[in-house]
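Enquirer: just coords:
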């Protein structure tokens, strides 16, 4: 783990310095050529790219995975793991259902009304990463909110392994969620295939799910053709520690996020220098003895007081924010930009990654300033139904005045004829 201390320069300047340091490890990618290949060649391009990048050595001849393979994976799933997945599904579903809005009608002064309602998109594409590890949890986090939203068709894409199919844990998670449309493909080509469609794959309306830099750039490229959840980058964690924070607990939380890769920025914030030193020392010791922990960047920031720590968090907008202060509950209400806030000494980010019911598909790279966790809203769109009726007589002159001011006189005529 690479640690570095940062001087306090105020919340915005310090946050900018932290982002700049983390960006040094981010790879530069150009997904546009892959997008062109997928659009021009369809299945052939996706198969070629999947065999090249996702599963070297395998010779995939079909993208579609037989649902029986998912059912077979579920049948042999470890019972303890199945129980954990079922608990996660129940919690994710309950939180997702709480986010659904009801239709309502707004009666306006002149007598007209606007009815507001939400409808689900027709089809959603879910991406579950592979490579460094299998991510059945991403299947749960994406598929359950889509189903709660009312999406009729959910298509799952995940990279194949040497046997030519997605990891058995991903398949088992798909079976538990009732997802039967599964494709063995990963990376940028999977995103382009879901968005544009191929001979085998019907295009979807929304693409969601975490992934590497190639997946992120592919989602950026298809945005507008389809909806996306966010441009999620490497996983990140900011931890605000108090005078009595257990450094070993904090170290394990930081190391857990470092398992995601060397591009995952980690930030430890404290008022006391001794607290930062203890966390840094414990993190280094924990990382050395745990092979799964990558050499992620760990920034150490000493702040003047707890108020400055919260101001820094709001300026940085971390994906995950842990408040390990004794008065964490009071501080939590002042956080406005984090993707997910974990409150108190027992609130390790790992709970949110798997079982807490909150979603682990979260805004990164500072996107928490304008985005939030994945939920049913990503799969639903609002529709307004306008009823003017007798109010046309009163409203038409106002429409006419505004329309003519903008140089659209026929708009005005269209309203005035209804008086």
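Expert: Cool, got the structure. Here the structure is a predicted model, which is why all the values come from computation and not from measurement.
Enquirer: residue contacts, the residue nearest the centre of the chain?
Expert: The residue at the geometric middle of the chain, judged as the C-alpha nearest the mean C-alpha position with Cα atoms, centre = their mean, is residue 361 (2.8 Å). Contact partners of residue 361, counting by Cβ atoms under 8 Å, 6 or more residues apart in numbering, are 138, 141, 142, 208, 209, 210, 229, 230, 232, 373, 374. Bear in mind the C-beta positions are built from the backbone N, C-alpha and C, glycine included.
Enquirer: Let's see which of the residues you listed end up in helices.
Expert: With helices taken from DSSP state H, the overlap with those comprises 138, 141, 142.
Enquirer: What pLDDT is listed against the second one?
Expert: The per-residue pLDDT reported for residue 141 equals 96.
Enquirer: quick one: it and residue 374 touch, right?
Expert: Yes - taking Cβ atoms under 8 Å as the definition, residue 141 is a contact partner of residue 374 at 6.6 Å.
Enquirer: Now for these two: what residues contact both?
Expert: Listed contacts common to residue 141 and residue 374 are 359, 361; contacts here mean Cβ under 8 Å, 6+ apart.
Enquirer: who has more neighbours, these two?
Expert: Shown here are residue 141 and residue 374; by other Cβ atoms under 10 Å, residue 141 has more neighbours (30 against 27).
Enquirer: follow-up on the earlier one: now, which of the contacts of residue 361 sits nearest residue 250?
Expert: For the contacts of residue 361, the minimum distance to residue 250 (Cβ to Cβ) is 23.3 Å, reached by residue 373.
Enquirer: Just list the residues touching the closest one, thanks.
Expert: For residue 373, the contact set (Cβ under 8 Å, 6+ apart) comprises 339, 340, 358, 359, 361, 362, 363.
Enquirer: try 7 Å this time
Expert: Residues in contact with residue 373, defined by Cβ atoms under 7 Å, 6 or more residues apart in numbering, are 339, 340, 358, 359, 361, 362.
Enquirer: Nearest to residue 114, out of the residues you listed: which one, please.
Expert: Within the contacts of residue 373, proximity to residue 114 (Cβ to Cβ) peaks at residue 359, which comes in at 30.6 Å.
Enquirer: isn't that closest one right up against residue 376?
Expert: No - between residue 359 and residue 376 there is no contact, the gap being 10.2 Å when judged by Cβ atoms under 7 Å.
Enquirer: who touches both of the two?
Expert: Overlap of the contact sets of residue 359 and residue 376 (by Cβ under 7 Å, 6+ apart) consists of residue 145.
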